[in-house]
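*Asks:* Sequence and computational prediction follow.
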Amino acid sequence: MKNNSVRMITGIAILIAIEIIFQVIGNLITFPAGVSINLSLIPVALGAILFGPWAGALLGLINGVLVLFAPSTQAIFFNYAPVGTVITCLSKCTLAGIAAGFTFKAIEKKNFLVAAIVASLLVPVINTGVFALCALTIMVKAIDNLNADGINTFRFVFLIVITWNFLLEFTITTILSPTIAKITKIVTKEAE
């Protein structure tokens, strides 16, 4: 039991470090209107798969804090809708981590790889879905500001953020997370 706790704490700490590195790299990759990709969804999915829903939630919450302080978030959303931006950033990936963890647990006994893939799919889907919902409701002031700057709201939210950003995050997370999780399971079994 003690060994498992140490392994879990160490694993989550490593995933937090990777999450920070991926967020810094993601901040350097921007789309039109200054939106950056969220590469740090990968550690959230991995945490949910390897350590359960509450680890996924913790990593999701940390992801939310990192995204909150990302240059694109500050420039596009925070200055115009600070409360909505904080709620959005802290909730979207936290919910994604919890859902991925519980979904993985529900499917894992039938097939580890299928459970890992489904959990990995959920993270970008929920993350982007909650963002879209919040962008069109509680962050509407920020969206209105984009309209004032000549950026069409529908085009920005649905074509740039949801389509391009989501497809990239979805593909990267869905391919890498289950693969890394499977390798981790094999390596840790051999180490025991």
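*Replies:* Sure, I can see it.
*Asks:* Next, the contact list for the residue nearest to the spatial centre of the chain, please.
*Replies:* Closest residue to the average C-alpha location of the chain: residue 41 at 3.3 Å, with CA atoms, centre = their mean. Contacts for residue 41 (CB atoms under 8 Å, 6 or more residues apart in numbering) come out as 63, 93, 96, 123-124, 127, 169, 172-173. Where C-beta positions appear, they are placed from N, C-alpha and C, glycine not excepted.
*Asks:* Residue 73 is in contact with residue 88, isn't it?
*Replies:* No. Counting by CB atoms under 8 Å, residue 73 does not reach residue 88; the two are 9.1 Å apart.
*Asks:* Show the pLDDT at the residue nearest to the centre of the chain.
*Replies:* Confidence at residue 41, expressed as pLDDT, is 90.
*Asks:* which among the contacts of residue 41 gets closest to residue 104?
*Replies:* Nearest to residue 104 out of those is residue 123 (CB to CB; 10.6 Å).
*Asks:* who's in contact with that closest one?
*Replies:* Residue 123 neighbours (CB under 8 Å, 6+ apart): 41, 44-45, 48, 93, 96-97, 100, 173, 177.
*Asks:* Which pair in these has the greatest spatial separation?
*Replies:* 93 and 177 (13.6 Å).
*Asks:* Quick check: residue 78 vs residue 57, distance?
*Replies:* 23 Å (CB to CB, to the nearest Å).
*Asks:* Which one's more surrounded, residue 73 and residue 88?
*Replies:* Shown here are residue 73 and residue 88; by other CB atoms under 10 Å, residue 88 has more neighbours (26 against 22).
*Asks:* Just list what the helix or strand containing residue 11 packs against, helices and strands only.
*Replies:* If you go by DSSP states H and E, residue 11 is part of helix 2-28. Counting contacts by 3 or more CB pairs under 8 Å, 6 or more residues apart in numbering; DSSP states H and E, helix 2-28 packs against helix 41-51, helix 53-68.
*Asks:* just so I know, which of the ones you listed lies nearest residue 182?
*Replies:* That would be helix 41-51 among the helices and strands packed on helix 2-28, by CB to CB, at 9.4 Å.
*Asks:* can you give me the angle that closest one makes with helix 2-28?
*Replies:* 170 degrees (axes from the mean of the first three to the mean of the last three CA atoms, to 10 degrees).
*Asks:* and the end-to-end length of stretch 21-37?
*Replies:* 13 Å (CA to CA, to the nearest Å).
*Asks:* avg pLDDT for it?
*Replies:* 75.
*Asks:* Identify the residue with the minimum pLDDT among the contacts of residue 41.
*Replies:* Out of the contacts of residue 41, that is residue 169, at 82.
*Asks:* Would you quantify the distance from that one to residue 121?
*Replies:* For residue 169, the distance to residue 121 - CB to CB - is 11 Å.
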